[in-house]
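>>> the sequence and its predicted three-dimensional model are supplied below.
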Amino acid sequence: MSDRCKGCIRAQQSESKDVTLSPATKSEENALENEELEVGGDQEDVATSQGIRIRRRPPTGPPLHYVGPFEFRIQSEGNTPRNILEEIVWNKDVEITQMKEKMPLAKMRKWVENAPPVRDFVGALRTSNVRTGLPGLIAEVKKASPSRGVLRENFDPVEIAQAYEKGGAACLSVLTDKKYFQGSFENLEAIRNAGVKCPLLCKEFVIDAWQIYCARSKGADAILLIAAVLPDLDLRYMTKICKMLGMAALIEVHNERELDRVLGIEGVQLVGINNRDLETFELDISTTKKLLEGERGQLIRHKDIVVVGESGLFTPADIAYVQEAGVKAVLVGESIVKKNDPAQGITELFGKDISL
Ligand SMILES: O=C(O)c1ccccc1NCC(=O)[C@H](O)[C@H](O)COP(=O)(O)O
């Protein structure tokens, strides 16, 4: 049995068995327990059969070899990440293991109990879309990225968040990954504690339910789940954890296959289409259009799912293009965070002041 599989079962057992659930969440508890029964076979194989190319870090790390008193590791296909997304995920694995040692799930739940109340992330996007007639904006607090390096030197996350709110953002996205994006959970907490009213998305690379609890404890109202990383079972399970905590899950896809998988999951309200290929960094905003054409678009409208167009949006023409394709919301980082005045950046992006 692979580590992906063991981890999944372990997490599900700990979630479903040692949480003190209110009567209202008992049915959720049963649903989580039922999912344990569905797990069978090797999850790495299951993931591959679902078209997931991102592998989990080998359980014991790269294999060790000994020559005399020296130890060394031989690089091979099996122990070297094949692309940036895989590298981020492998690094996240190590990071979470350390973070969990410092703050085990049982302790984290205590923090969750004292977290500020959850705000309606999806509702805020819908309201903004109706008010402005334009896609609701999720404005991203993003200092740096693997594809673009540092985007803004003088980076004050609270100041940027307040400017976004003033500029008419419906919601904010806060990157919490340190190593690749120079973000942090402290930034998320500081923005929430500063009294910013826009609901907050925790932009993490989630591979373990512990991260969802961590995000909630810092005041997040929503969290990102990436279909290229998480098999269906994990997506279903984590969506339920979000529901239990009152949070929204933004499930991100990049191709038809991922979208079809996500549309097969019950209770999905919010789907992001990322125009950036996270393995190659290639940006193409026609990805949003392509995925929303035909029957998929119809099913999305039938299910009343809010679609978010993500990445590579720089001009009013880009916004009009993805809106025409069917999105009700957009997630934007680079084009607004780089501006001296990010509020003015929002006005330039939409071609009008959307705060009014
Ligand atoms: O932005 C990157 O370089 C990146 C690389 C690898 C994984 C994820 C990455 N970005 C996350 C995002 O999806 C974007 O931050 C977000 O959609 C905003 O994009 P943009 O407006 O192009 O900054």
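The structure has been received and is ready for your questions.
>>> find the nearest non-adjacent residue to the closest residue to the ligand within the stretch 201-350 of the chain, please.
Using CB to the nearest ligand atom, Gly333 is the residue of the stretch 201-350 of the chain that sits closest to the ligand, at 2.9 Å. Just so you know, the C-beta spots here come from the backbone N, C-alpha and C atoms, and that holds for glycine as well. Counting by CB to CB, 6 or more residues apart in numbering, Glu140 is the residue found nearest to Gly333 once chain neighbours are left out, at 3.5 Å.
>>> kindly report the same for Lys179.
Leaving aside its sequence neighbours, Lys179 sits nearest to Asn91 (CB to CB, 6+ apart; 5.9 Å).
>>> what do you get for Thr315?
The shortest distance from Thr315 to any non-neighbouring residue, by CB to CB, 6+ apart, is to Leu349 (7.2 Å).
>>> what's the neighbour count on the one you found?
For Leu349, the count of nearby residues is 23 (other CB atoms under 10 Å).
>>> which residues of the stretch 151-300 of the chain lie near the ligand?
Residues of the stretch 151-300 of the chain found near the ligand (CB under 6 Å from any ligand atom) are Asn274, Arg276, Leu278, Phe281.
>>> leaving out chain neighbours, which residue sits closest to the third one?
When the adjacent residues along the chain are set aside, Leu278 lies closest to Leu85, with 4.3 Å between them (CB to CB, 6+ apart).
>>> my read is that the one you found contacts Val229, right?
Yes - in terms of CB atoms under 8 Å, Leu85 counts as a neighbour of Val229; the distance is 7.1 Å.
>>> need the overlap of contacts for the two.
Common neighbours of Leu85 and Val229, using CB atoms under 8 Å, 6 or more residues apart in numbering, are Ile54.
>>> more neighbours, those two?
The residue with more neighbours, out of Leu85 and Val229, is Val229; 24 against 21, by other CB under 10 Å.
>>> and the most centrally placed residue in the chain, what element?
Nearest to the mean C-alpha position of the chain, by CA atoms, centre = their mean, lies Leu224 at 1.7 Å. If you go by DSSP states H and E, Leu224 is part of strand 222-226.
>>> circling back: what score does the residue of the stretch 201-350 of the chain closest to the ligand have for pLDDT?
Gly333 carries a pLDDT value of 98.
>>> now do the contacts for it.
Listed by CB under 8 Å, 6+ apart, the contact partners of Gly333 are Ala139, Glu140, Lys142, Ser145, Leu151, Ser173, Ser311.
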